[in-house]
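Trainee: A structural model of the following input is requested.
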Amino acid sequence: MPNPVLDLKRTALLSMDLQNTVVSTYTKDDSEFLPRIATLLKATRERDLRVIHVMVGFRPGLPEVSPRNQLFGAIKNSARWQQIFQGPAGAIHSDVAPQADEVVITKHRVSAFAGTDLDMILRANEIETLILLGIATSGVVLSTLQHASDADYRIFVVKDCCTDQDPEVHGCLTEKFFPRRATVLNASDLSEILRSATD
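Mentor: Just a heads-up that it's a prediction; the model follows:
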């Protein structure tokens, strides 16, 4: 099967939830995870492909979070858990940090779209194709993919630039679920596609 063709002007890469504490929690057994993403980001920037960073963040006191929300409500009730998203712990890891004028989206839910202006930014820039990577596969990647699919974006998922605390869940999603809605590929495959992409 030939490599799909990317229109770089209508494509954006979403680098999601690669914050210091999240990265250290999920990738302690994979020393190549961040270098692989950093190499891919370098390749995308060399082709002037738009990179958008997504991160979790809250105002003091977490007014964005309802106590009815089972996931984020637990964070609201724990000063220790709140620290994960504050200061240096909550910053995007320096190896994959935003450069120049790259957009940073701060979200208060799992999906990169929920309650943010991501969709507006994508449509204002006539983006039709999204490349997704980040942590966790069963969290932000899954939720963002489902929204993007329903919104008619063309989607690529870079499976070796995503990870999950449960390897079986990661494998099930990337091998069985995601391919129904997206093109799933490795970082090396995407780098090859970028080399042959149209400007």
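Trainee: now the element after the longest helix along the chain, going C-ward?
Mentor: For the chain, the longest helix by residue count, based on DSSP state H, is helix 33-46. Next in sequence after helix 33-46, counting helices and strands by DSSP states H and E, comes strand 50-56.
Trainee: which strand is the longest one in the protein?
Mentor: Longest strand in the chain, counting residues (DSSP state E): strand 154-163.
Trainee: in CSV, could you pull the C-alpha coordinates for that one?
Mentor: C-alpha atoms of strand 154-163 as CSV (Å, rounded to 0.1, in the frame of the first residue of the first chain):
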residue,chain,number,x,y,z
ARG,A,154,-8.7,13.3,8.4
ILE,A,155,-6.7,11.7,11.2
PHE,A,156,-3.3,10.1,11.7
VAL,A,157,-2.1,8.5,15.0
VAL,A,158,1.6,8.0,15.6
LYS,A,159,1.4,4.9,17.7
ASP,A,160,5.0,4.8,19.0
CYS,A,161,4.6,8.4,20.1
CYS,A,162,1.6,7.5,22.3
THR,A,163,1.7,5.5,25.5
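Trainee: pLDDT averaged over it - what is it?
Mentor: Computed over strand 154-163, the mean pLDDT rounds to 98.
Trainee: and it, what other elements does it pack with?
Mentor: Where contact means 3 or more C-beta pairs under 8 Å, 6 or more residues apart in numbering; DSSP states H and E, strand 154-163 is packed against helix 33-46, strand 129-135, helix 142-150, helix 167-172, strand 183-185, helix 187-195. Placement of C-beta: from N, CA and C, glycine included.
Trainee: looking at those, which is closest to residue 95?
Mentor: helix 33-46 (4.7 Å; C-beta to C-beta).
Trainee: in the closest one, what counts as buried?
Mentor: Neighbour counts over helix 33-46 (16 or more other C-beta atoms under 10 Å) mark 33, 34, 36, 37, 40, 41, 43, 44 as buried.
Trainee: partner strands of the longest strand of the chain and their direction?
Mentor: strand 129-135 (parallel), strand 183-185 (parallel) (DSSP bridges).
Trainee: right, so those: which one is the most enclosed?
Mentor: Per-stretch averages of neighbours, counted by mean count of other C-beta atoms under 10 Å, single out strand 129-135 among those, with a mean of 26.
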